[in-house]
Each structure stands twice: as structure tokens, then as C-alpha cells.
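Novice: quick one, fold the following:
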Amino acid sequence: GGAGATGGTAATGPTGPTGATGGTGPTGPTGAIGVAALQAHGAAAQLGASGPVKAKALLGTVDFDTGGWFSTVNSRYTPLQAGYYLLTGTAACQTSLADQDVVLLQIFKNGSGLPNSAGACEYSISSNYSSSSVQVTALVHMNGSTDYIELWGECYNGYTGGAETQQWICNLQALGGSGF
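Specialist: Numbering: from 1, shown residues only. A predicted model of the protein is given here:
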């Protein structure tokens, strides 16, 4: 005799109990902040030096700083995220004489002025009875640790060379970071 016919499939049995949950995996890397933004300006008009002498712009008021990287103590922006930053600075100059007011503004990185070819250094001369203003803009790579930005400028009268009372006020804006 031969083997008998194969029998039919039986019904599926009940599902067994769920196994224990595995351990927690390692924490992933911290994500980038994205785009950082800053706007700071002078708290009050800054008195100029006697004559055409460069001085650091005193930026004592922060309108916003998403990274918290601007120091009002030394008017310095030190972003702690590497990337490219679009920087814009503005300044207005008014002297006590009613003739040619001159304002020069320059973006400094790590204590050195950026070149005029980068748009980071500009000057303006007013006509009679008006103040003079200027704007500078530069796209700058920052290393995210030690690089810092400052604004420096001059405000004086073009005819007298600065023997009069001068005042100027500045503004700095920055937008950048790894998400920029």
C-alpha cells in the first residue's frame, strides 16, 4: 500500500504575547539653528572725535537677536554658527556747521576693515544744511566660533576737518547661518 492523502490545513492558533520593548537608541546630533537674525542700533547719538578719526559704532540697543550672540558691552556680533552672513550697516552724521558733513562707514571682521570692493566701506558727503547718511552691505563667511563683526566710521565736517561738534548714529543688521 501507498501513502495516504495529505490532510487539510488546520485553523490558525491564537496570537502569542507581545515581546519586551527594546532599549532606547543613542541621541542624534543637535540640529542647526537655521537662519540667525540680528538688529542692533545706537541707543543715542554718538559724539564724533575731533577731525576725521575712525571710531567704533556704539550699538547699545538690540531690537532682536535670535542667537543671543550680540554684545552691547563691546558692540560686537560673534555668531556661534558657521555660515554666510549678509551684513548691512547704516550711519547718519550731523555736525554743528551748516555745510558739508562727511560720514564714512566700514564693516570690520576680526578687527580689520573689509575691502571697499566687497561693498563693506562707503562714504557720503552732504550738501548745505543737511545731514549725511551712508549704507554698507557685505556677504561674509563666519567660522561659528571666533569670528566677529563690528561697525567703524567717521563723522566730520568736510570744510573744517572736524573742529566742530559732531554726532552720528548707526545700525547693524545680520542675517545668516547654516540655513541661509
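Novice: now Gly23: phi and psi?
Specialist: Per-residue torsions, Gly23: phi -70, psi 160 (degrees, to the nearest 10).
Novice: report pLDDT for it.
Specialist: We have a pLDDT of 82 for Gly23.
Novice: number of nearby residues for it?
Specialist: By the criterion of other Cβ atoms under 10 Å, Gly23 has 5 neighbours. Just so you know, the C-beta spots here come from the backbone N, C-alpha and C atoms, and that holds for glycine as well.
Novice: that one and Pro17: what is the separation?
Specialist: Using Cβ to Cβ, to the nearest Å, Gly23 is found at 19 Å from Pro17.
Novice: repeat for Gly176
Specialist: Separation of Gly176 from Pro17 (Cβ to Cβ): 55 Å.
Novice: looking at the two, which is more packed in?
Specialist: Just comparing Gly176 and Pro17: by other Cβ under 10 Å the higher neighbour count belongs to Gly176, 23 against 5.
Novice: who's the more buried one bridged to?
Specialist: Beta-bridge partners recorded for Gly176 (DSSP bridges): Ala36, Tyr85.
Novice: quick one, what contacts it?
Specialist: Val35, Ala36, Pro79, Gly83, Tyr84, Tyr85, Leu86, Met142 (Cβ atoms under 8 Å, 6 or more residues apart in numbering).
Novice: likewise Gly67?
Specialist: Contact partners of Gly67, counting by Cβ under 8 Å, 6+ apart, are Ile33, Ala36, Leu38, Pro79, Leu80, Gln81, Gly177.
Novice: repeat that for 10 Å
Specialist: Listed by Cβ atoms under 10 Å, 6 or more residues apart in numbering, the contact partners of Gly67 are 33, 35-38, 77-81, 174, 176-177.
Novice: go ahead and build a PyMOL selection from the buried members of those.
Specialist: Buried subset of the contacts of Gly67, written as a PyMOL selection, criterion 16 or more other Cβ atoms under 10 Å:
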select buried, resi 35+36+37+38+77+78+79+80+81+174+176+177
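Novice: among the contacts of Gly67, which has the minimum pLDDT value?
Specialist: Model confidence across these bottoms out at Ile33, which has 59.
Novice: state the distance from Val136 to Thr6.
Specialist: With distances taken as Cβ to Cβ, Val136 is found 89 Å from Thr6.
Novice: between the two, which one's more packed in?
Specialist: The residue with more neighbours, out of Val136 and Thr6, is Val136; 24 against 6, by other Cβ under 10 Å.
Novice: so the more buried one bridges to which residues?
Specialist: If you apply DSSP bridges, the partners that Val136 bridges to are Gly89.
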